[in-house]
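>>> Sharing a model prediction with you, sequence too.
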Amino acid sequence: MNARRVLTAALVLNLLNTGYLSWRYVALHAGRVEPGTGLCSWSSYIDCDRVLMTPEARAFWVPNALLGFGFSLGCLVWWFAGLRLGEEYRHHVIRTLAFWLGVAALLTLWFFRLLLSLPALCPFCPWHHVLVYVSLAAACVVWRRTPAPAVHGPLRPLMTLVAVCVLQFFTWPAAWALAFWRGELTP
C-alpha cells in the first residue's frame, strides 16, 4: 500500500471528522439544532451530542473539536502545500508533519481516558484518535523513504507555510471565543 496515499486519505478523513464534530458542537451550543438528533446520536449511551454538551468537551477551555479541526486542517495544508514547495523541502515537511502527529498521538492518550469517563460514547471522537495514529504511521514510513536534500531551499517559503498553518489553527478557537463572549454560544 502506498504510504503517501494512506497519509493523505487519513488526513482528509480526519478533517471531515473533526469538521463535523466542530460544526455540531457550535450548532448545539448556538441552539441551532436539537440535542440527540445528530448523525452520531444512536442511543442514550452512544450519542455525540451528549458528549459535546459535557464540560469535558472543552478540556482546554475551547472546544476540543475545534482544536482537532484546526490541527487537522493545518496538517493537511502543511502536507499539500509543503509538497508543492519542491524536492528540497520535502524531507523537512514530512519530518515536521511526523513530529506534530507524534505530539498529537501522545495527547490522544489523555483524551481517550477522558472519553472513557463520560456518560455517553461519541462514535466519531475515537476515529479522530485512530486517524492520528494511522497518519503518524504513514508519515513515518514516508519520512523514512524521503531522502534528505543535498541543498536546502530558501527559508522564506517554509516560514510562510508555518505562519499560515499556525494562524489558521488559532483562528478557529479565536472565532469561537468571540462568539462566546458576544453571547451567541452557551458554555
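Alright, I've got the coordinates. Given the structure is predicted, the values throughout are model-derived calculations rather than measurements. Residues are numbered from 1 along each chain as shown.
>>> Skipping its backbone neighbours, what lies nearest residue 121 in space?
Closest residue to residue 121 apart from its sequence neighbours, by C-beta to C-beta, 6 or more residues apart in numbering: residue 46 at 5.1 Å. Where C-beta positions appear, they are placed from N, C-alpha and C, glycine not excepted.
>>> wait, doesn't that neighbour sit right on residue 120?
Yes. Using C-beta atoms under 8 Å, residue 46 is in contact with residue 120, at 6.8 Å.
>>> Comparing these two, which shows the higher neighbour count?
Just comparing residue 46 and residue 120: by other C-beta atoms under 10 Å the higher neighbour count belongs to residue 120, 19 against 14.
>>> Can you give me every residue that contacts that one?
44-47, 50-51 (C-beta atoms under 8 Å, 6 or more residues apart in numbering).
>>> what's the longest helix in the chain?
As assigned by DSSP state H, the longest helix anywhere in the chain is helix 87-116.
>>> on that earlier part again, got a list of what the residue nearest to residue 121 touches?
40, 120-121, 123.
>>> Redo those as TSV? Include distance to residue 130.
Listed next are these as TSV, based on distance: C-beta to C-beta, whole Å:
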residue	distance to residue 130
40	15
120	19
121	14
123	11
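>>> Next up, the contacts around residue 53.
By C-beta under 8 Å, 6+ apart, residue 53 lies in contact with 28, 35.
>>> so what secondary structure elements neighbour the longest helix of the chain?
helix 64-84, helix 125-145, helix 155-181 (3 or more C-beta pairs under 8 Å, 6 or more residues apart in numbering; DSSP states H and E).
>>> For residue 36, find the nearest of those helices.
Residue 36 lies closest to helix 125-145 among those, at 16.6 Å (C-beta to C-beta).
>>> Buried residues of the longest helix of the chain, list them for me.
Of all the residues in helix 87-116, those buried under the rule 16 or more other C-beta atoms under 10 Å are 88-94, 96-98, 100-101, 104, 107-108, 111, 114-115.
>>> do the same with stretch 46-64
So for stretch 46-64, counting by 16+ other C-beta under 10 Å, buried means 47-53, 57-58, 62-64.
>>> Tell me which two of those sit farthest apart.
47 and 62 (21.9 Å).
>>> Quick check, residue 35 in contact with residue 50.
Yes. Residue 35 is within contact range of residue 50, at 7.2 Å (criterion: C-beta under 8 Å).
>>> Next, show the common contact partners of these two.
What both residue 35 and residue 50 touch, as defined by C-beta under 8 Å, 6+ apart, is the set residue 41.
>>> which residues touch residue 140?
residue 98.
>>> one step back: the helices and strands packed on helix 87-116 into TSV, with extra columns for mean pLDDT?
Shown next, in TSV, are those (pLDDT from 0 to 100):
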stretch	mean pLDDT
helix 64-84	97
helix 125-145	97
helix 155-181	97
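>>> Just put the ones you listed in TSV and tack on distance to residue 28.
Converted to TSV, the helices and strands packed on helix 87-116 look like this (distance: least, C-beta to C-beta, whole Å):
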stretch	distance to residue 28
helix 64-84	10
helix 125-145	14
helix 155-181	13
